[in-house]
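> okay, predicted coordinates and the sequence, questions at the end:
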Amino acid sequence: MKYSLIDKIIGLEEGKNIIAVKNVSLAEEYLGDHFPLFPVLPGVFLLQGMVETASWLVRSSQDFSNSMVLLERARNVNYKSFAAPGMCVEYTADAKNIDEKSSSFTVSGRSGGEEIVKAKIDLRHFNLGDENPAYCDTDTEMIAKLRLKLRLLTQNS
């Protein structure tokens, strides 16, 4: 994905829950199209922010054993409000289970103390090399980059 939809991880209890934040800025290019006179973070980006948050919990809890952590299913997605420039969205992901190849979460996004989105999501995790051994080096490179990014997201937390 071109955009990173979380800026910082502020709390992480491996295997249990994680809290991350996203500061919505008018400088983000997609806001020019969504919508020019009423810019808001697109709903699908709010959902992706929750997915990214839960993905970091999976990676951390499993010591980065998989290069890929992807959305398998989203259920009961409930949008209650908008996230406009200047707002800070706090994402929370509570793990229901984290297995070797799949996980499930209750996730939410809050701003100004009010819940603006919530959902139940299932993720799947795998390595590209599982299907094609030619991609094992790619998995190794991706995992190294993800480890670095987690350090950046959690520094000064």
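Structure's in. What do you need?
> just say helix, strand or coil for Asn66.
Per DSSP: H, G, I helix; E, B strand; the rest coil, the secondary structure class of Asn66 is coil.
> actually, Thr106.
strand.
> isn't it right next to Tyr91, touching?
No. Thr106 lies out of contact with Tyr91 (Cβ atoms under 8 Å); the separation is 11.7 Å. From N, CA and C alone the C-beta is placed, and that goes for glycine too.
> out of these two, which sits in the busier spot?
More neighbours surround Tyr91 than the other of Thr106 and Tyr91, with 26 against 17 (other Cβ atoms under 10 Å).
> what helix or strand is the more buried one on?
strand 88-98 (DSSP states H and E).
> any idea of the mean pLDDT in that strand?
Computed over strand 88-98, the mean pLDDT rounds to 98.
> can you tell me what sits against that strand?
For strand 88-98, the external contacting residues (Cβ atoms under 8 Å, 6 or more residues apart in numbering) are 6, 10, 15-24, 41, 46, 49-50, 52-54, 57-58, 61-62, 83, 103-111, 116.
> over to stretch 58-78?
Counting by Cβ under 8 Å, 6+ apart, 12, 14-15, 18, 47, 51, 55, 95, 98, 100-103, 117-128, 138-139, 142-143, 146-147, 150 sit against stretch 58-78.
> from these, which ones fall inside strands?
Counting by DSSP state E, the part of the contacts of stretch 58-78 found in strands is 12, 18, 95, 98, 102-103, 117-126.
> measure the closest residue to Ala93 other than its chain neighbours to Asp137 for me?
Excluding the flanking residues, the one nearest Ala93 by Cβ to Cβ, 6 or more residues apart in numbering is Ala54, at 3.9 Å. Using Cβ to Cβ, to the nearest Å, we find Ala54 at a distance of 27 Å from Asp137.
> what about these two, which has more around it?
The neighbour comparison of Ala54 against Asp137 (other Cβ under 10 Å) goes to Ala54, with 29 against 11.
> give me the element Glu72 is part of.
strand 68-79.
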